[in-house]
Every structure is written in C-alpha cells, then in structure tokens.
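>>> Task: produce atomic coordinates for the following.
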Amino acid sequence: MALIAAIDQGTTSTRVCITRTDGTVIAQAQYEHAQHMPQQGWIEHDPMEIWRNTRRALSEALAAEDISEQDIDALGLTNQRETAVIWDKKTGKPIYNAIVWQDTRTNHNGDPARYLRRTGLLHNSYPAAPKWAWILDNVPGARERAENGELLAGTIDTWLIWNLTGGAKEPERALHLTDVTNASRTLLMNLETLQWDEMLCSELRVPRAILPEIRPSVGHFGTIRRRGPLAGVPITGVLGDQQAALFGQGGLHENDAKMTYGTGLFMLLNTGHTPQFSGRGLLTTVAYQVEGQPPVYAQEGSVAVGGALIQWLRDQLGILNTAAESETLARQVDDSGGVVIVPAFSGLFAPRWRPDARGVIVGLTRFVDKRHIARAALEATCLQAREVVEAMGGRPTSLKVDGGMTTNDLLMQMQADILGLTVERPANTETTVMGAASAAGIGASLLDEPLTPGTATTWNNTMAGPERDRLVAAWEDAVARCLDLA
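Numbering: from 1, shown residues only. You can find the predicted model right below:
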C-alpha cells in the first residue's frame with residue numbers, strides 16, 4: 001500500500017504525519033516553535049526555526065517506524081495562512097521574522113471593504129500583503145532590493161516549498177510557488193482570474209516580481225531536493241490550513257460546512273463554483289482547486305482567538321498546568337460564576353471586525369476562582385463560534401467540528417448547548433493534516449477521494465432557551481465593554 005507524507009505547519013507547531021491510503025497514520029512527529037512578541041500587538045515567528053523543525057519532523061517520522069524515503073509516494077503540505085515572509089533568494093535567509101496572521105501592526109484606517117469584491121477580503125491587518133509592505137518599508141534597503149530582483153516573498157507554504165525543492169543549497173531546483181487557497185489570503189489575488197492583480201500590487205505597494213507563481217491546490221509543486229529527507233518525492237497537494245480541514249472533512253460539495261477549533265476558530269461553507277459575498281462580516285475565499293478543473297469557493301468566518309485563550313491561561317497567567325486541565329477545572333463548577341471573557345487580543349475578527357477591541361474579563365467577585373475562569377474561557381470559545389454560525393445565515397441541523405480543542409468533550413457539549421443544535425466530531429479530529437494528505441494522494445493519482453475522517457461522535461442540545469439567552473446577553477454586554485480600548 002502506498003504511503004503519503006503530510007506536513008502541517010501551524011501557528012504554534014510543525015507536525016508531519018505519514019499515512020497509508022486507507023487513512024491509517026503509521027508515524028508522526030511534532031515540534032513547537034517560539035512565539036515572538038516584540039511589541040504590543042506584534043506577533044512573529046522565526047522562518048528558519050520553522051524550516052529546521054520541518055526537516056526534524058520529517059526525519060523523525062521516517063525513523064519512528066523505520067520507513068525508507070523510497071516508500072513515500074507523495075507529499076502534501078498545509079500551513080498557517082496569511083503569515084508573511086520575505087527572504088534573500090541567494091542566501092535563503094529571511095530579511096525579517098515572519099509576521100504572523102494575528103499581528104495587528106498593519107491595521108488600515110480607510111474603507112476596509114474597498115477590495116472585498118475583487119479579493120473576498122477586508123483591507124485590515126489580517127491578509128499577507130500589508131505585512132509584506134511593512135517589511136519592505138521598515139527593513140533598510142529592502143524595497144530597493146526587491147525592485148532589483150534580489151528578494152522573494154511568500155506565505156509559509158511558499159517558504160517551505162522553496163526550501164523543500166532546493167532553496168539556497170540547490171538554487172537551480174528551487175521553485176517559488178503557492179496555491180490558490182493561500183494566494184486568496186493575501187489581498188493581492190483576483191478571485192475570478194486566480195492571478196495576481198496588478199492594480200492591487202501597485203496600490204498595496206508589493207512588487208509583482210517578488211510574488212510566487214499561483215498553482216491549483218491539487219497538482220504538481222515540484223520534487224523534494226536531493227539533500228535531506230524524502231529526496232525526489234513529489235509535492236502534489238498544497239492547501240491553507242482551514243481549506244485543508246474542509247477537504248479533510250470531505251466537504252467537497254456545495255453547502256458542506258465545518259468549524260475548526262485550533263489557535264483560532266474558523267468556519268468554512270462550500271459555496272460551489274461561484275464566489276458568494278456576505279453582508280454580515282464573512283470573507284470569501286477559494287476552498288480548493290484540482291488541476292484542470294474550475295475552482296471551488298467558500299465563505300469563511302474567522303475568529304482570531306480559540307485555543308490561544310487556553311494557551312494564554314496556561315503560559316502567561318499560570319492558571320492551567322496543561323491545556324487539558326481546562327476541561328477538568330470547568331467540570332467542577334456548574335457555571336462561570338458570572339464571569340465573561342472576551343479574548344480580543346488582536347481585536348475582534350468575524351463577524352465584527354473591530355481592531356479597536358481589546359480583551360476583557362468582566363463579572364469578577366471574591367467568589368470566583370480558577371475553575372470559573374476555565375469555564376468562562378470555554379464559554380467564550382462557544383459564544384464566538386455562535387456568532388459566526390449566525391452570520392452564515394440559516395439554521396443548520398448539525399455542525400461538523402475538528403481541531404485540537406475538540407478533544408474536550410465538555411467544550412463540545414457546551415457548544416451544542418450554546419448553538420442549540422447537534423455537534424458532530426469525526427473519529428479522526430486531525431482533519432487539517434488529513435486534508436493535506438488527501439490532496440497529495442489525489443494529486444499523485446493514489447486516491448480518488450479524500451481519506452475518510454471516521455464515524456462521528458455527536459452531542460445534542462440540552463440547554464433551555466432562556467439559559468442560552470442569558471449567556472448571549474452577558475456576552476453582548478461584555479463585548480460592548482471591550483470596544484474602543486485600543
């Protein structure tokens with residue numbers, strides 16, 4: 001049976017899984033990378049650390065089960081989106097740290113909807129293009145070097161593809177590529193032509209020459225360089241992480257939807273071959289494209305802080321020893337004791353899009369302890385997800401979920417209650433990496449359809465309407481208090 005390797009380069013870690021074509025994961029490895037926060041609202045990653053961790057994870061996954069490079073038939077890649085890198089194409093060294101998708105330094109004061117119909121995105125700090133422009137404007141000599149053809153730009157997929165296929169070690173083989181899903185998160189790709197838009201490049205001050213070639217998500221992205229693990233293996237699938245999760249959930253048909261609970265929360269609704277635009281704070285994006293076929297589009301609700309709130313309670317406040325402890329503590333109380341947390345660390349994303357918002361904790365009394373804080377954090381996750389579901393319109397009978405936070409059974413029950421509908425979690429919750437493996441398998445003609453995520457576990461609503469209304473009202477009041485704080 002053929003084997004597929006998949007790289008899942010996320011906001012907090014890089015993971016490699018090796019799967020059979022029946023979906024069985026036979027080996028995996030994972031490494032976290034540092035979160036650099038040099039100023040308020042700034043979040044950066046070291047691209048070289050991400051590249052080192054990618055190679056380490058690839059090597060460790062192979063060694064774990066004594067798998068030979070010759071046993072791997074294809075490689076898929078999925079990645080954190082909107083995170084922007086610029087590097088020297090001769091040395092392969094970044095000229096600045098990667099600016100992360102959550103970073104707020106590039107907030108825009110003009111009309112945020114100016115490019116919405118052309119790109120599907122709002123002009124704010126979220127897309128990659130303003131981040132590239134900031135690097136070019138703030139690193140001495142960078143803009144001149146870019147105009148002279150010395151620099152390359154990309155999102156994380158592009159950075160890894162360039163290094164995997166040759167990089168500075170084998171420059172004659174290195175390919176400067178991205179896929180349509182990642183390109184659609186830059187504010188520079190025209191949703192209809194699926195190409196870089198010259199007007200947008202000019203207005204946003206990103207030279208067209210430093211941008212990668214855009215290719216379909218499922219297709220050929222070159223072969224891995226001769227040095228390092230998986231030499232000669234073809235890269236045949238590339239998807240942004242949220243699109244990969246939709247693909248991994250088998251969401252290939254119009255009106256299929258999923259919610260991913262990771263660092264942030266992301267809901268995607270497949271809208272078929274026509275881009276549809278929302279008047280309720282949702283973005284329009286490319287869901288995926290198979291080589292030789294028209295693109296499939298999606299509407300997206302993006303929430304900046306999901307699992308990042310639990311990570312903050314653990315790492316910055318020390319309230320939790322582990323992420324899993326959030327469930328243990330929250331189960332020890334019946335409610336949050338009146339505490340409401342609005343985790344607007346980077347402003348509020350969909351559906352409100354308020355960069356002026358900042359995080360608040362309201363309702364504190366002497367009665368409150370860390371158990372109530374933990375439960376309030378889980379409620380905040382569910383209430384943010386509810387806003388996105390409501391913005392999608394209609395009332396789905398169930399919600400498909402995935403991502404690391406969904407291993408929290410209490411969170412899943414709370415989500416079913418706060419939404420007032422059934423929540424379905426697949427047996428394999430790591431649908432992002434499965435989506436990358438599926439895309440690579442289809443691109444290499446090893447698969448005809450995505451790998452199955454397995455039989456779902458379900459949670460049904462147990463909350464009475466008045467109790468739900470009380471929680472929502474308290475949430476709305478807390479959100480009102482977090483606005484205009486930046």
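>>> For residue 271, see how far away the spatially closest residue to residue 117 that is not a sequence neighbour is.
In this structure, residue 117 finds its nearest non-sequential neighbour in residue 277, 6.5 Å apart by Cβ to Cβ, 6 or more residues apart in numbering. Where C-beta positions appear, they are placed from N, C-alpha and C, glycine not excepted. Applying Cβ to Cβ, to the nearest Å, the value for residue 277 to residue 271 is 10 Å.
>>> did I read that right, residue 479 in a strand?
No. Using DSSP: H, G, I helix; E, B strand; the rest coil, the assignment for residue 479 is helix, not a strand.
>>> Give me the nearest residue to it, chain neighbours excluded.
residue 342 (5.5 Å).
>>> ok, the one you found - how many residues close by?
By other Cβ atoms under 10 Å, the residues close to residue 342 number 26.
>>> And residue 175, by the same measure?
Using other Cβ under 10 Å, residue 175 has 18 other residues around it.
>>> My read is that it contacts residue 163, right?
No. Judged on Cβ atoms under 8 Å, residue 175 makes no contact with residue 163 at a distance of 10.2 Å.
>>> ok, and for the helix or strand encompassing residue 377, which residues are buried?
Assessed by DSSP states H and E, residue 377 sits inside helix 370-392. Within helix 370-392, the residues scored as buried using 16 or more other Cβ atoms under 10 Å are 370-389, 391-392.
>>> Quick one: mean pLDDT over it.
For helix 370-392, the mean per-residue pLDDT is 95.
>>> Within its sheet, name the partner strands of whichever helix or strand comes after it and how each one runs.
Next along the chain after helix 370-392, taking DSSP H and E as the criterion, comes strand 398-402. Partners of strand 398-402 in the sheet, by DSSP bridges, are strand 257-261 (parallel), strand 422-425 (parallel).
>>> export the longest one as PDB, just CAs?
Put plainly, it is strand 257-261. Once non-C-alpha atoms are left out, strand 257-261 reads as follows in PDB (Å, rounded to 0.1, in the frame of the first residue of the first chain):
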ATOM      1  CA  ALA A 257     -19.500  23.200   6.300                       C
ATOM      2  CA  LYS A 258     -17.100  22.700   9.100                       C
ATOM      3  CA  MET A 259     -15.800  24.600  12.200                       C
ATOM      4  CA  THR A 260     -12.100  24.100  13.200                       C
ATOM      5  CA  TYR A 261     -11.100  24.700  16.800                       C
END
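>>> That one: how far from the chain's middle?
Taking Cα atoms, centre = their mean, to the nearest Å, one finds the center of strand 257-261 at 11 Å from the center of the full chain.
>>> ditto for the shortest one
Between the mean C-alpha location of strand 422-425 and the chain-wide mean there is a distance of 21 Å, by Cα atoms, centre = their mean.
>>> and the end-to-end length of stretch 458-470?
Using Cα to Cα, to the nearest Å, one end of stretch 458-470 lies 25 Å from the other.
>>> The helix holding residue 377 packs against which elements?
Here helix 370-392 touches strand 257-261, strand 265-272, strand 296-303, helix 307-315, helix 325-330, strand 340-342, helix 409-419, helix 465-482, going by 3 or more Cβ pairs under 8 Å, 6 or more residues apart in numbering; DSSP states H and E.
>>> got the angle between that helix and strand 257-261?
Helix 370-392 and strand 257-261 are oriented at 150 degrees to each other (axes from the mean of the first three to the mean of the last three Cα atoms, to 10 degrees).
>>> Pull out the buried residues from stretch 268-288.
Under the neighbour-count criterion of 16+ other Cβ under 10 Å, stretch 268-288 has 268-271, 275, 278, 281-288 buried.
>>> Return the member of those nearest to residue 440.
Of all the buried residues of stretch 268-288, residue 440 sits closest to residue 288, with 12.5 Å by Cβ to Cβ.
>>> Which stretches in this structure count as helices?
According to DSSP state H, the chain carries its helices in the segments 47-64, 116-119, 129-138, 142-147, 156-165, 180-183, 198-203, 241-248, 307-315, 325-330, 370-392, 409-419, 431-443, 465-482.
>>> Including distance to residue 82, could those helices go into a markdown table?
Below are those laid out as a markdown table (distance: least, Cβ to Cβ, whole Å):
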| stretch | distance to residue 82 |
| --- | --- |
| helix 47-64 | 14 |
| helix 116-119 | 12 |
| helix 129-138 | 8 |
| helix 142-147 | 20 |
| helix 156-165 | 9 |
| helix 180-183 | 9 |
| helix 198-203 | 15 |
| helix 241-248 | 10 |
| helix 307-315 | 15 |
| helix 325-330 | 27 |
| helix 370-392 | 17 |
| helix 409-419 | 25 |
| helix 431-443 | 15 |
| helix 465-482 | 23 |
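>>> Let me see the contact set for the closest residue to residue 294 other than its chain neighbours.
Closest residue in space to residue 294, ignoring its immediate chain neighbours: residue 273 at 5.1 Å, by Cβ to Cβ, 6+ apart. Taking Cβ atoms under 8 Å, 6 or more residues apart in numbering, we find residue 273 in contact with 294-297.
>>> list residues touching both of residue 277 and residue 271?
In contact with both residue 277 and residue 271: residue 284, using Cβ under 8 Å, 6+ apart.
>>> Am I right that the residue nearest to residue 479 is in contact with residue 478?
Yes. Residue 342 lies in contact with residue 478 (Cβ under 8 Å); the separation is 5.0 Å.
>>> so what's in contact with these two at the same time?
Common contacts of residue 342 and residue 478 (Cβ under 8 Å, 6+ apart): 360, 362.
>>> mean confidence for stretch 128-148?
Stretch 128-148 carries an average pLDDT of 96.
>>> Please point out which parts of that stretch sit buried.
Across stretch 128-148, burial judged by 16+ other Cβ under 10 Å covers 128-136, 139, 142-143, 145-146.
>>> Start and end of that stretch, how far apart?
Start-to-end, stretch 128-148 (Cα to Cα) is 21 Å.
>>> do the same with stretch 179-197
The first and final residues of stretch 179-197 sit 15 Å from each other (Cα to Cα).
>>> residues in contact with it?
Taking Cβ under 8 Å, 6+ apart as the rule, stretch 179-197 contacts 79, 81-82, 115, 118-121, 123, 127-130, 155, 157-158, 200-201, 204, 206, 208, 211, 214-217, 221, 238-240, 243, 275, 284-289, 295, 297.
>>> so how far is residue 226 from residue 43?
Residue 43 sits 35 Å away from residue 226, going by Cβ to Cβ.
>>> The two - which one has more neighbours?
residue 43 (23 against 11).
>>> so what pLDDT did that one get?
Residue 43 carries a pLDDT value of 94.
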